[in-house]
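Asker: next input, structure requested:
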Amino acid sequence: MPFTSDQLLRAYRTMKTIRVFEERLHDEIKTGEIGGFTHLYAGQEAVAVGICEQLTVEDKIVSTHRGHGHCIAKGCDVKGMMKEIYGRVGGLCKGRAGSMHIADLAVGMLGANGIVGGGAPQAVGAALAAKIDRKGRVGIAFSGDGACNQGTTFEAMNLAVVTKAPAIFVFENNHYSEHTGDAYAVGTAKDIASRAEGFGMRAWRADGCDFFSTYENFADLLDYVRAGHGPAAIELDTERYFGHFEGDPQRYRGKGELDRIRAERDCLTAFRDRVRAEQWLGDAEMDAIDAEVIALIDAAVTEARADAEPDPAHVADDVYAEYC
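Answerer: This is a model prediction of the structure:
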């Protein structure tokens, strides 16, 4: 078996945690207790977990507006995240970041980002710092198919190649840039990876609805970058199960499209089918994890609701860094 049982159980637990976290938020947002926009990651769990399972705490990632999955996969505290999304003082960012700007520097999560394409330059900055440190660390920019059209992303890829920075550009192609299909919006015949190749870096392609495809391809890419060959990119073909944002009616979807992708492209179902067929894990082990995850998310919501809201007297705290 290419993975230990503990590795597989951890990967399943993290993917399941992301799924239940997002599905619970989908319900909780309807109560009106959560402010601001929320963009759910459900359906794309295999990407975040397949990648972050191979990173160290010292490796830095920058996320997107659809960042909950990346946060959980990188090791952010689930209860602290839920409090943050509820705008509570016990949140990871003291209730000031909300859904789209969660960060936890202690685990190498430099922050989610509400600006499409805004994370790529930050990740290159982290990669340049890693190059200077010479400790084999990397900087990773998670982006969607929409960000592949942004000038910030182009400039970041070019700078990474020019400086030979250990930067990794992860493109999660869920086929919709907000409400616009990639067939219309992406001029390279749906092949985002070829754009990265055009800047002079190597690019990988994998099935982002398959944990094992994501993991194995990213393992090759990560070895390449850590060896000092410069930046690289990977395009993951994946799906999102909810709208671009919560409340999106998704009228741009084809009839029966969501039912089809949930039935045919569910990374959790695919994972369970594979490990069962290979006799690596049994249903009882995964069912037990399911129950534990549901209990964890229940507790996270309960504690978030009970936590205090930030004191307005501290609204100006932490706005500026003091260097002396």
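Asker: so for stretch 283-292, what gets flagged as buried?
Answerer: 286, 289-290 (16 or more other Cβ atoms under 10 Å). Glycine gets a C-beta too; all of them are placed from N, C-alpha and C.
Asker: run the chain-centre distance for it.
Answerer: 24 Å (Cα atoms, centre = their mean, to the nearest Å).
Asker: average pLDDT for that stretch?
Answerer: For stretch 283-292, mean pLDDT rounds to 98.
Asker: can you list contacts of that stretch?
Answerer: Under the criterion Cβ atoms under 8 Å, 6 or more residues apart in numbering, residues 9, 12-13, 16, 272, 275-276 lie in contact with stretch 283-292.
Asker: and if we set it to 10 Å?
Answerer: With contact meaning Cβ atoms under 10 Å, 6 or more residues apart in numbering, stretch 283-292 is reached by 5, 8-10, 12-17, 19-20, 268, 271-272, 275-276, 281-282.
Asker: which SS class is residue 49?
Answerer: What DSSP: H, G, I helix; E, B strand; the rest coil gives for residue 49 is helix.
Asker: okay if I get the buried residues of stretch 283-292 as CSV plus distance to residue 299 and secondary structure?
Answerer: Output for those, formatted as CSV (distance: Cβ to Cβ, whole Å; DSSP: H, G, I helix; E, B strand; the rest coil):
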residue, distance to residue 299, secondary structure
286, 20, helix
289, 16, helix
290, 15, helix
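Asker: now, which of those sits nearest residue 92?
Answerer: Taking Cβ to Cβ as the measure, residue 92 sits nearest to residue 289 out of the buried residues of stretch 283-292, at 23.7 Å.
Asker: picking up where we left off before, got a ChimeraX select line for the buried ones in the contacts of stretch 283-292?
Answerer: In ChimeraX, this line selects whichever of the contacts of stretch 283-292 come out buried by 16+ other Cβ under 10 Å:
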select :8,9,12,13,14,15,16,17,19,20,268,271,272,275,281
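Asker: narrow the contacts of stretch 283-292 to those in helices?
Answerer: When DSSP state H defines the helices, the subset of these inside them is 5, 8-10, 12-17, 19-20, 268, 271-272, 275-276.
Asker: only alpha carbons, please: show the helix or strand residue 298 falls within as CSV.
Answerer: Taking DSSP states H and E as the criterion, residue 298 maps to helix 283-306. Extracted in CSV, the C-alpha atoms of helix 283-306 (Å, rounded to 0.1, in the frame of the first residue of the first chain):
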residue,chain,number,x,y,z
ASP,A,283,-16.5,1.2,6.2
ALA,A,284,-16.6,0.9,10.0
GLU,A,285,-13.5,3.0,10.4
MET,A,286,-14.7,5.7,8.1
ASP,A,287,-18.2,5.7,9.5
ALA,A,288,-16.7,6.3,13.0
ILE,A,289,-14.9,9.3,11.6
ASP,A,290,-18.1,10.6,10.1
ALA,A,291,-19.8,10.6,13.5
GLU,A,292,-16.8,12.3,15.1
VAL,A,293,-16.7,15.0,12.5
ILE,A,294,-20.5,15.7,12.8
ALA,A,295,-20.0,16.1,16.6
LEU,A,296,-17.1,18.4,16.1
ILE,A,297,-19.0,20.7,13.8
ASP,A,298,-22.0,20.7,16.0
ALA,A,299,-19.8,21.8,18.9
ALA,A,300,-18.1,24.4,16.8
VAL,A,301,-21.4,26.0,15.9
THR,A,302,-22.7,25.9,19.5
GLU,A,303,-19.5,27.5,20.8
ALA,A,304,-19.5,30.1,18.1
ARG,A,305,-23.0,31.2,18.9
ALA,A,306,-22.1,31.4,22.6
